[in-house]
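# The sequence isn't on hand, but the structure is:
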DNA sequence: TCAAAAGTGTTAGTGCTACACCCATGA
DNA sequence: TCATGGGTGTAGCACTAACACTTTTGA
């Protein structure tokens, strides 16, 4: 048996949304050292008798006043590089969450300012993040991109009822491509249980009113939504 | 800031292989309490200055005498249920490894007997596993099944050089389906960089000699190998 | 009646399935 | 020359991509 080392375990959450036709990530400004004043993913230490996913939802609620309950949330992966935290050995279980376009979150009980930041600026390194949080965001975005293909995850970016264009915008923004509206419409309406028509229509400022949909029961999408060959994955992951 | 709880972190590895036309998993018999004498996944505590993946390879080498270096290995997910280990708070980072059909491993330095066990017996509950290791195996098998579709992972089950039938057997055994040999041949030979012909042939006891292949540089497979709609995933995961 | 957005129909192309057929070897 | 497994050709089907066309609204 090897030595049992006391390790601190945290959870960090990458919340993605679409705002202003951009993929954005929710960040908080750190109120304490290390990296005080730097932007970081919302997250924190897991409690004594707490499982990881509840911890992720709790931290999200505390730090960003985002309703952890209703959000799509899945475990991403765990980051355990020995020197990733200057305070000592801290292993973090990273989560991916998807939110619809919400009102700007305010700072949570920890009194840190929570705000949306375009993912592009994080990936480009224009906005610096604490710890290895940029790497975590890279993995999260990659996971989200993959899952749009073969799951119904895209609906998690939409409010409870949404139009076909809103759903299509999700694919276009997350993949950074443009999609033929006609073929897209056919594809998603013929997929079993992807969408459930509400029967309602939404009148836009101009143009024909769009039918409104709700997410259906399906969680996987077959055949998948193709986007051609996979772009390069971050550091050897194809998850 | 929340309370920092001292947590023990382990790695556990699900090594899958194909032996006797069955998907099998490598298990060790526990030499110490808790669960002494019960079968468990190879694994153990992560060291002070060690990252998780090296820890997984080290534990594998120590407990099963399997060469951790050459094996395909990827992080699966982390299990952090508060009561998963009777000794106290132990979070485990689970890994998935794929091995070709190797000579039966002997017990490693920890003097535990390491042996292959059909995955079916573990999933059915015929063979009991320590801790939540059965659940981990469920996730690992699900991941492996998914990845056969859209990556070249199947070659990791094969030795360095292999025949088309051996590769096809991988899909058949892991998915539990039968595959048309002719169409399979066409599919994998036309996929870019999936296989690299060695030019050699292997003479079987009977029948036409089969061409031998080595794995190519490709890691993803596009278009994917279809197996129809996804079967139900274990407990809410669609990873 | 025009602009804008929603939604339908049609055609060509690609990839898959199923299966007939040929090839190369040992017994 | 037969059994056995390796490998090719081809017809039909499912799905996709591209794009012309129709519908429905507000200005």
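Yep, that arrived. If you're wondering where the values come from, they're calculated on a predicted model, not measured in any experiment.
# tell me the domain ranges of chain A?
A:8-136, A:151-215 (automatic domain parsing).
# Could you pull up the contacting residues of residue A:36?
Shown in contact with residue A:36 (Cβ atoms under 8 Å, 6 or more residues apart in numbering or on different chains): residue A:30. C-beta coordinates here come from the backbone N, C-alpha and C atoms, glycine included.
# Phi, psi for it please.
The phi and psi torsions at residue A:36 (degrees, to the nearest 10) take the values phi -60, psi 130.
# Let's test this: mean pLDDT of stretch A:212-220, rounded?
Taken as a whole, stretch A:212-220 has a mean pLDDT of 94.
# And stretch A:72-82, by the same measure?
Mean per-residue pLDDT for stretch A:72-82: 98.
# which outside residues touch that stretch?
Contacts with stretch A:72-82, where a contact means Cβ under 8 Å, 6+ apart, come from A:13-14, A:52-53, A:56-57, A:89, A:91-99, A:132, A:135-136, A:139-140, A:143, A:153, A:156, A:237, A:239, B:9, B:46, B:48-52, B:75, B:77-78, B:93, B:237-239.
# Over to stretch A:166-178?
For stretch A:166-178, the external contacting residues (Cβ under 8 Å, 6+ apart) are A:18, A:21-23, A:144-145, A:148, A:154-155, A:157-158, A:179, A:181, A:184, A:188, A:195, A:213, A:225, A:227.
# what about the longest helix anywhere in chain A, distance to the chain center?
In chain A, with assignment by DSSP state H, the single longest helix is helix A:133-150. Offset of helix A:133-150 from its chain centre (Cα atoms, centre = their mean, to the nearest Å): 8 Å.
# buried set for that helix?
Buried residues in helix A:133-150, counting neighbours by 16 or more other Cβ atoms under 10 Å in any protein chain shown, are found at A:133-150.
# next one: stretch A:22-33
Buried-residue list, stretch A:22-33, by 16+ other Cβ under 10 Å: A:23, A:24, A:25, A:26, A:27, A:28, A:29, A:30.
# Among those, which ones are in strands?
Within these, residues falling in strands by DSSP state E are A:23, A:24, A:25, A:26, A:27, A:28, A:29.
# Not counting its neighbours along the chain, what's nearest the fifth one?
Of all residues beyond its chain neighbours, the one nearest residue A:27 is residue A:39 (4.3 Å), with distances taken as Cβ to Cβ, 6 or more residues apart in numbering or on different chains.
# rewinding a little: just after the longest helix of chain A, pick out the following helix or strand.
Per DSSP states H and E, the first helix or strand lying C-terminal to helix A:133-150 is strand A:162-163.
# Give me the contacts around that next one.
Contact with strand A:162-163 is made by A:155, A:202, A:210, A:211, A:212, A:213, as judged by Cβ under 8 Å, 6+ apart.
# which SS state does residue A:226 fall under?
With DSSP: H, G, I helix; E, B strand; the rest coil as the basis, residue A:226 sits in coil.
# what's the longest helix of chain A packed up against?
With contacts taken as 3 or more Cβ pairs under 8 Å, 6 or more residues apart in numbering or on different chains; DSSP states H and E, helix A:133-150 sits against strand A:8-19, strand A:22-29, strand A:72-79, strand A:90-98, helix A:119-124, helix A:164-175.
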